[in-house]
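1. Next comes the sequence, and after it the predicted model I'd like to discuss.
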Amino acid sequence: MTNQTRLLPLLLALAMSQACAHTLVEGTQIDDNDDNREILAMLDAVQTAMQKQDQEMMLTMISELYFEDMGTPNPQDDYGFEHLRDVILPTTMKVAGKIVLNFRVHDIVVEADKAHADIRYSSRARLDLASGALWDSHKEFNRLQFQREQGKWLITRGL
């Protein structure tokens, strides 16, 4: 599986986020505080960007410190912000066709200027490949990591 096809389900998971918070955000078990609301609002913005397949909008929510090791010890599949910006996002946005996704935020944990959101998603997307259209489905758990930079939460890992 290429980095692009691995990234697509995770981007799709973000795409369908819904405000799901000791007052709780309505419909969730997530504490209702400013940081959690900001992260949920960013996930909603990611949803909009993915539905519009708007790469520039996506990039406004991703830190230049972004780094992904793909969960393997092999440094060959690691990539950072530049590769995400120049290769993965353009390829993903070009290939992604119809997107169907359900997504639930299970938890948000904030510690100073770092945070993570645990999500569970199921996605189905039509990939418009050179060999023809292909439907791809995923059900998975994922953790997105964030860092506050200049007063704004940005994604640093997990796409």
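-> Everything's here; your move.
2. elements contacting the longest helix seen in the chain?
-> Determined from DSSP state H, the single longest helix within the chain is helix 34-52. Counting contacts by 3 or more C-beta pairs under 8 Å, 6 or more residues apart in numbering; DSSP states H and E, helix 34-52 packs against helix 3-15, helix 55-59, strand 96-111, strand 114-129, strand 152-157. (Glycine included, C-beta is placed from N, CA and C.)
3. same thing but 10 Å
-> With contacts taken as 3 or more C-beta pairs under 10 Å, 6 or more residues apart in numbering; DSSP states H and E, helix 34-52 sits against helix 3-15, helix 55-59, helix 89-95, strand 96-111, strand 114-129, strand 132-149, strand 152-157.
4. so R104 sits right up against N142, yeah?
-> No - the pair R104 and N142 fails to qualify as a contact (C-beta atoms under 10 Å) at a distance of 11.3 Å.
5. Mind listing the shared neighbours of these two?
-> Common contact partners of R104 and N142 (C-beta atoms under 10 Å, 6 or more residues apart in numbering): 13, 118-121.
6. got any ranges where this structure has weak pLDDT?
-> 1-29, 100-102 (pLDDT under 70).
7. ok now do the residue nearest to H106 when sequence neighbours are not counted, which residues does it touch?
-> Closest residue to H106 apart from its sequence neighbours, by C-beta to C-beta, 6 or more residues apart in numbering: D118 at 4.5 Å. With contact set as C-beta under 10 Å, 6+ apart, D118 has these partners: 104-109, 141-144, 158.
8. what's across from D118 in the sheet?
-> D107, R143 (DSSP bridges).
9. ok, now I62?
-> I155.
10. That one and L84 touch, don't they?
-> Yes - between I62 and L84 there is a contact at 6.7 Å, judged by C-beta under 10 Å.
11. All good on my end, thank you.
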